[in-house]
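Undergrad: This is a predicted model, with the sequence first.
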Amino acid sequence: MKLKSIFFLSLLTILFSCKSIKVNETATKKPKNVILLIADGTGLSQISSAFFYKDSKPNYARFNTIGLIKTSSSRQDITDSAAGATAFSAGVKTYNGAIGVADDSTKVKTIVEIASLQNIKTGLISTSSIQHATPASFYAHVLSRNFYEEITTDLVASDVDFIAGGGLKFFNNRKDGKNLLEAIKTKGFNINTNGLDKFSEIKGNSKMAYLLADNQMPPTAKGRGDYLPKATELGIQFLNKDAEKTNFFLMVEGSQIDWGGHNNDADYLISELIDFDDAIGKALDFAEKDGNTLVIVTADHETGGFTLASTKKKNEKGETYSDYNEITGTFSTGGHSATLIPVFAYGPGSEDFSGIYENTEIFHKILKATNWNKKK
């Protein structure tokens, strides 16, 4: 009996030890990199359109962890992009139009600033101007999203390493007469205003700025082409290139899904959504190979009250009926809506992004997963 008791005690000790080790290993798995993709103005119906209109399987289908966020701003039930992006970038609710400031107009530290202090590279990509509400909220601190020249000044003063989008005129055609292209060069940036480079052509540079339009980029169907997925891939390669400094944070915005919603233009919206889905694919391809990257896909709000409705037709008698074999994108508003927004997550720390929570939790969940806010 004594030998049997000793045997079972030893076995239990081994089993509990193994279980403890496994739990600890899981708990200490931290992502080195974070890629946050924001599809401006995108709700569930916009995402659903990819499953009907994209020629290949949507990259949205590659996620297993899905949650929902509440998007109201501090003073309004319906948020705008500035307050929505500031919730993501700094973890605070603020008023519509605010860029990187709290409801009381005080500056708040953004995730780009927090990461930079930890010697982590950062990048921002957009299909709007790089000074537009969403990208601006990750580096600027101004009272209104319309202060584009002040936002550009904040960009020059920031520690961002890679930018791609429009907004050239806010650097070199300013009311104050300053040429901030020269100022940003002094921060170590190489500037390209013509198009994206091959990675082999820029891998020796310390910082890159692609300013490819005076203001916003053109729609993908009218000349922009596959800029967004290519810029996403290039940004990942550039931020990940240095062996001694490989950690990075990258924000990618599909800006013009929102504009298609405002215009109640279903074709515009769907083409931009499919383009954004291609950018998701680039992020997931890297994350799957890397194994140390957290990918989060969400939106600041929904625009247009978009839905995929049955197409209205008339029969031989002139009577209207709904054809359930054919869908048409329809809208209920030209503005934003208050609907809950999906969140998709992949990689280390992704399990924390399921459930229903406030949009500010995106910021806090990223910092919990990475520990970037802890001093090294």
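TA: Looks like it came in fine. Numbering: from 1, shown residues only.
Undergrad: Can you tell me the closest non-neighbouring residue to Ser354?
TA: Gly67 (4.7 Å; CB to CB, 6 or more residues apart in numbering). For every residue, glycine as well, the C-beta is placed using N, CA and C.
Undergrad: can you count the residues close to that neighbour?
TA: A count of nearby residues for Gly67, using other CB atoms under 10 Å, gives 22.
Undergrad: How about the contacts made by it?
TA: Gly67 makes contact with Pro342, Val343, Ala345, Phe353, Ser354, Gly355, Ile356, Tyr357, according to CB atoms under 8 Å, 6 or more residues apart in numbering.
Undergrad: Determine the longest strand present in the chain.
TA: Ranked by number of residues, the top strand in the chain under DSSP state E is strand 320-330.
Undergrad: Let's see that one as CSV, backbone CA atoms only.
TA: What follows is strand 320-330 as a C-alpha-only set of coordinates in CSV (Å, rounded to 0.1, in the frame of the first residue of the first chain):
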residue,chain,number,x,y,z
THR,A,320,-43.7,44.7,-57.6
TYR,A,321,-42.1,41.7,-55.9
SER,A,322,-38.8,40.8,-54.2
ASP,A,323,-36.5,38.5,-56.1
TYR,A,324,-34.8,36.4,-53.5
ASN,A,325,-32.3,35.1,-56.1
GLU,A,326,-30.8,38.5,-56.6
ILE,A,327,-29.4,41.0,-54.2
THR,A,328,-29.0,44.8,-54.4
GLY,A,329,-27.0,47.0,-52.1
THR,A,330,-29.3,49.5,-50.5
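Undergrad: Using PDB, write out every CA atom in stretch 147-161.
TA: Taking C-alpha atoms only, stretch 147-161 is exported to PDB below (Å, rounded to 0.1, in the frame of the first residue of the first chain):
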ATOM      1  CA  PHE A 147      -6.800  71.300 -38.700                       C
ATOM      2  CA  TYR A 148      -4.800  69.600 -41.500                       C
ATOM      3  CA  GLU A 149      -1.800  71.800 -41.400                       C
ATOM      4  CA  GLU A 150      -1.500  71.500 -37.600                       C
ATOM      5  CA  ILE A 151      -1.900  67.700 -38.000                       C
ATOM      6  CA  THR A 152       0.900  67.600 -40.500                       C
ATOM      7  CA  THR A 153       3.200  69.500 -38.100                       C
ATOM      8  CA  ASP A 154       2.500  66.900 -35.500                       C
ATOM      9  CA  LEU A 155       3.300  64.200 -38.000                       C
ATOM     10  CA  VAL A 156       6.700  65.700 -38.600                       C
ATOM     11  CA  ALA A 157       7.300  65.800 -34.900                       C
ATOM     12  CA  SER A 158       6.300  62.200 -34.400                       C
ATOM     13  CA  ASP A 159       8.400  59.100 -34.300                       C
ATOM     14  CA  VAL A 160       6.500  57.300 -37.100                       C
ATOM     15  CA  ASP A 161       8.800  55.200 -39.400                       C
END
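Undergrad: And that stretch, what's buried?
TA: Within stretch 147-161, the residues that qualify as buried are 147-156, 158-161, counting by 16 or more other CB atoms under 10 Å.
Undergrad: Pull the residues that contact that stretch.
TA: Contacts to stretch 147-161, defined as CB under 8 Å, 6+ apart, come from residues 99-100, 112-113, 116, 121-124, 129-131, 136, 139-142, 145, 163, 167, 170-171, 174-176, 180, 183-184, 187, 206-208, 238-239, 248.
Undergrad: hang on, the earlier thing: counting contacts, what elements does the longest strand of the chain pack onto?
TA: When contacts are defined as 3 or more CB pairs under 8 Å, 6 or more residues apart in numbering; DSSP states H and E, strand 320-330 packs onto helix 266-290, strand 307-314.
Undergrad: roughly how far out does the strand or helix carrying the residue nearest to Ser354 sit from the chain middle?
TA: Gly67 is located in strand 65-70, with elements delineated by DSSP states H and E. On the basis of CA atoms, centre = their mean, to the nearest Å, the separation between the geometric centre of strand 65-70 and that of its chain is 14 Å.
Undergrad: Okay, buried residues for it please.
TA: Those would be Thr65, Gly67, Leu68, Ile69, Lys70, for strand 65-70 by 16+ other CB under 10 Å.
Undergrad: Could you provide those in JSON lines, with additional columns for distance to Ile35 and pLDDT?
TA: Formatted as JSON lines, the buried residues of strand 65-70 follow (distance: CB to CB, whole Å; pLDDT from 0 to 100):
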{"residue": "Thr65", "distance to Ile35": "15", "pLDDT": "98"}
{"residue": "Gly67", "distance to Ile35": "17", "pLDDT": "98"}
{"residue": "Leu68", "distance to Ile35": "20", "pLDDT": "98"}
{"residue": "Ile69", "distance to Ile35": "18", "pLDDT": "98"}
{"residue": "Lys70", "distance to Ile35": "23", "pLDDT": "98"}
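Undergrad: can you pull the buried residues of stretch 186-205?
TA: Going by 16+ other CB under 10 Å, stretch 186-205 has these buried residues: Lys187, Phe189, Asn190, Ile191, Asn192, Leu196, Asp197, Ile202.
Undergrad: From these, which land in helices?
TA: Among the buried residues of stretch 186-205, DSSP state H puts Ile202 in helices.
Undergrad: show me where the stretch 51-200 of the chain has strands.
TA: Taking DSSP state E, counting those that start in this stretch as the criterion, the stretch 51-200 of the chain contains strands spanning 65-70, 121-129, 162-166, 189-192.
Undergrad: Could you export these as TSV, including distance to Leu37?
TA: As requested, the strands of the stretch 51-200 of the chain are exported to TSV (distance: least, CB to CB, whole Å):
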stretch	distance to Leu37
strand 65-70	14
strand 121-129	9
strand 162-166	14
strand 189-192	23
